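Chemist: only geometry, no sequence info:
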C-alpha cells in the first residue's frame, strides 16, 4: 500500500480501480464482439449465434395458473429463503429425471443451483487453485471456459472426432500434464450433442473415458444440458451411471423446461456435495425458492416427457432445415457436423478465411454466428464457427445459411484473388455469454 | 500427478477427494452447529437465531394474480435467459429506491444479482487475491465472512461503538495493515441497523469514513439490506451518496419485499460494474428473468412504500417486545444494543460464560440464538450472541428471552460455584447461513 503512487498515470485514470483488481479479474474485459451481438439482435439479422431455447411450445396458460396457485397457497414458503441444498421434493424428482439416463443417485447428494452454470462455478471453486489444469474437449462451451479462467485454471483441450472425445487423446493429454508437473483436477465434458461441436460421445467410449480418469485420479465433470434432446428420442447412459464415486453430474432445466427460471443442479459424491452446499451458501445463500417450487410443480402436474418430445420434434425440424441448407448453399471446402440432438452445428471453412475477422461482414449481410476461437482457451478455432438452429424458424434458418454461404463465397473469391485477409480488427476474446444472447 | 500415491491412507478414504480440493475449500466443513440448527427449527423451540424476514404482511393474492399475468402475457420473456446486467426496467426502478437514501445512480451502473449475497461474492471475486485484506466491522455479517474466506482474503476487524464503526479505529487498522505490508482492498460495512450488532453509523461519521477510505485508496463496499427498515421511518444518507467513485453499494429486496425471489443488486463505478457483469456471467449466466419481472411489477403496481411502513411497524413491535423482555428478565452483568431498525440485538453476557458452549443447553431449554464467534474471523465473540426479533411473534420473543435468561442465570450460578466451564464440545466454526435458517 505505502509503495503505491497516489499520482496515477493518465492512462490508468480511465479506470481508477485498475490497480486494485484481483489477478483473476485483470483479463475480464468486455469484448467488442458484444457490440456486434447487440447489432446481431436486430430483427433483420438472422441470428445463428444464440443458444436460447425456443419456449414457444410451453403451456403458458396452465403454467400461469400453477404459479399463481403456488403463491396464493404456499407463498410464505415460496417467497422465503430456503436451504442452500435445495427444495427436498425437487431433489427427489430430479432423481427420476436422471434415472432416464441410468443414473441412480440419492436426493441428498444433489444440490440445486442457479442454472448448471452456477454448479460449474461451484465445482471449479472447490477444486481449482490457480494453475491447476482442467481438461476439456476442444472446442468446449464458452461459458465453462470463462468460469475456468475466472478461477485461473489452465485449460488443456482434448481432441474430439465424430464420436466425441478421443480416449487416446485423453491419455496423451493426461501424460503431458503429468510430465509438465502440473495437476489435472478434472475432465470437463459435454458428452451429448456437445456445445459447440454437436457431436455425441460413443457409448463404448464412455466406460473407457471414465476408467482412464479414475485411474489417473482425475474427477469427471459431466455437463449434460441437452441429454434428453436427442432427435430420435435416443437417450445415452450418463458417465455418472458408470462411476458414482468419481463423476460429478451437472443437470439443468434450462433446455427441457424454462431457462429463465435458472434451475440447475449438481449430483456429486457425498463429501463433494457437502462442500458444494457450503460454497453455494457463500455464493448466493440459496437458489430462489419460488423457482424450485415452480419446476417441482411442473414435473408433478405436467406431462413433461411429452413436452420434451415436442421440443425434440421442433429442434429436429430446425436441424433438418440447417443441414439441408448447408448442403445446398455452402461453397466447396466447407465441412460441418451432423448433430443427432441439441442445438448446434460446428462449421469448418476453407483455409484463408478467419471467421472472427469475417463476422462484421456477415452481420452487415444480416446473418450472425459465433466465431470458433471463443470455444478454445488457446487461440484455435479461427477457421470454425458455431451455428445454432435452436431459436429461429426453419425458414429463417434457411435464409440465414443462404446469406452466410454468400458471404463465405465472396470471402473465398477475395482469398483466391488477394490471398488470406489480415484480421480486420482486434475484437478481443469472445466473452462467455453466447447462450443467453 | 505421478507422485501421488494411489494407495491412500484409511483416514483419507473418508473423503476420497480430499487431496484434490482447492486451498480455499479445505476449511469448508459442515459445522456441528448446523445439526443444532436443525433441532432449533422444531416448533417447541423459540428461535432467536434466524434472520428470516417475516412475510406474513405481503399481499399474496394480488401478487399471485400479477405473477400469473406476467407468465400468461410475457411468459416467453419471463421464462427465457436474460442479460447478466439485469432487466433494464428494474434497474431504473432500483434507482428510485436508492434515491430515498440520497443516491443518484445511473441504471447502467447497476447489475442485478441473485440476492445481494451474490453481489458481495462477485465484488470479492474481482478485487481479492488470496492474502488481500478486507476490513470489516467487528462483529460482521457471518455470510460475508464466509465469502471472504472462500476467496482466501484476510479479514481485519474494525471496532464499533453505539454509533457504528469508529473512524479512529479505521485509521489505526489501515495503518497496521500498511505497516504489515499487506494490501487492504475494501472496507465492508453495514452502516444501517448492522447485522449482527444492531447499531447504526452516525451520519457525521459517514463522510469521515468515506474520506478516510478514499485517501487510503481503499474501496468501500456498503451493504445495506435494512436501510429502509428504520422503526421511526428515519432514512440515513448512503455512503454511496457521498462518494460515487469509491463506493460499491449493495442492495436487496430480501427484507423489503421477498427474500425467496433472490433479487439483489450492486451499484458500482462504471468500470467496476463492467467487470461485475462479466463475473456474473461466469457465475450464473444471469439472474432469473421471472423474478426480476415480478419485483419490477410489484414496484410499479403496489404501494411498496406503505408495505415497507407496515414492515417497520411489525418489526418495531417485535423489537420492543425483545428489549422489554431483556430489561425484565436478564440477569445482572448482561448488556445489549438497542437497535432503531433492522432485525438484531447483540447481547454480551458476563465473564465466565461461553455462548457457544452454552448453546446446546439453551436448545434443550427450547430457545436458540447464534453464538457471537461466528461473526468474527478471529475467534472473538465468545461472550456475545445475536438475538433476532424479526421472525417470531412478540409473545414468542418474550417467552424466548425468558427461557434464555433462565439458562443464563443457571449458567452464572455454575460459574459462581465452580468457575468458568470448559467448552462442552468442539463445535467448529459457525458456517455462513444463519440468515436462512
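Modeler: Received, thanks. What you see is a predicted model; the values in this text were computed from it and never measured.
Chemist: for the residue at minimal distance from the centre of chain A, which non-adjacent residue is spatially closest?
Modeler: In chain A, the centroid-proximal residue (CA atoms, centre = their mean) is residue A:141; its distance is 4.2 Å. Distances taken as CB to CB, 6 or more residues apart in numbering or on different chains put residue A:195 closest to residue A:141, at 4.7 Å, once the chain neighbours are dropped. (Each C-beta comes from the backbone N, C-alpha and C, glycine too.)
Chemist: what about the helices in chain A?
Modeler: A:23-26, A:32-40, A:60-78, A:88-99, A:115-127, A:142-150, A:167-179, A:203-215, A:270-284, A:289-301, A:304-329, A:355-364, A:394-418 (DSSP state H).
Chemist: among those, which comes closest to residue A:261?
Modeler: helix A:289-301 (4.4 Å; CB to CB).
Chemist: just the mean pLDDT for the closest one, thanks.
Modeler: Averaged over helix A:289-301, pLDDT sits at 98.
Chemist: show residues contacting that helix.
Modeler: A:63, A:66-67, A:70-71, A:74, A:77-82, A:86-87, A:89-90, A:93, A:96-97, A:112, A:253, A:257-258, A:261-263, A:304, B:260-261, B:288, B:290-291 (CB atoms under 8 Å, 6 or more residues apart in numbering or on different chains).
Chemist: surely residue A:184 meets residue A:128?
Modeler: No - using CB atoms under 8 Å, residue A:184 is not in contact with residue A:128, being 10.3 Å away.
Chemist: more neighbours: which of the two?
Modeler: More crowded of residue A:184 and residue A:128, by other CB atoms under 10 Å in any protein chain shown: residue A:128, with 27 against 24.
Chemist: that one contacts residue A:149, correct?
Modeler: No - using CB under 8 Å, residue A:128 makes no contact with residue A:149, being 10.6 Å away.
Chemist: beta partners of the nearest residue to residue A:48 once chain neighbours are set aside?
Modeler: Spatial nearest neighbour of residue A:48, chain neighbours left out: residue A:387 (4.5 Å); criterion: CB to CB, 6+ apart. For residue A:387, the beta-bridge partners under DSSP bridges are residue A:345.
Chemist: and chain A, what are its domains?
Modeler: A:28-56+A:307-436, A:80-301 (automatic domain parsing).
Chemist: hey, which strand is longest across chain A?
Modeler: The residue-count maximum for a strand in chain A (DSSP state E) belongs to strand A:154-161.
Chemist: which ones are touching the residue nearest to residue A:48?
Modeler: Contacts of residue A:387 by CB under 8 Å, 6+ apart are A:48, A:322, A:336, A:344, A:345, A:346, A:347, A:369, A:401, A:404.
Chemist: wait, isn't the fourth one in contact with residue A:385?
Modeler: No - using CB under 8 Å, residue A:344 and residue A:385 do not qualify as a contacting pair, with a distance of 10.3 Å.
Chemist: between those two, which is the more surrounded one?
Modeler: residue A:385 (30 against 26).
Chemist: per-residue pLDDT of the more buried one, please?
Modeler: Confidence for residue A:385, expressed as pLDDT, is 97.
Chemist: also residue A:308?
Modeler: 96.
Chemist: tell me how far stretch A:116-131 lies from the chain's centre.
Modeler: 15 Å (CA atoms, centre = their mean, to the nearest Å).
Chemist: mean confidence (pLDDT) on it, please.
Modeler: For stretch A:116-131, the mean confidence score works out to 97.
Chemist: list the buried residues in that stretch.
Modeler: For stretch A:116-131, burial by neighbour count (16 or more other CB atoms under 10 Å in any protein chain shown) applies to A:116-129.
Chemist: turn the residues you listed into CSV, including distance to residue B:216.
Modeler: Below are the buried residues of stretch A:116-131 laid out as CSV (distance: CB to CB, whole Å):
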residue, distance to residue B:216
A:116, 41
A:117, 36
A:118, 34
A:119, 38
A:120, 37
A:121, 32
A:122, 34
A:123, 37
A:124, 33
A:125, 30
A:126, 33
A:127, 36
A:128, 32
A:129, 30
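Chemist: related to what we said a few turns ago, most tightly packed of the helices of chain A?
Modeler: Stretch with highest mean neighbour count among the helices of chain A: helix A:115-127 (a mean of 28; mean count of other CB atoms under 10 Å in any protein chain shown).
Chemist: quick one: low-confidence parts of chain A?
Modeler: Filtered on pLDDT under 70, chain A yields the residue ranges A:1-13, A:29-36, A:421-437.
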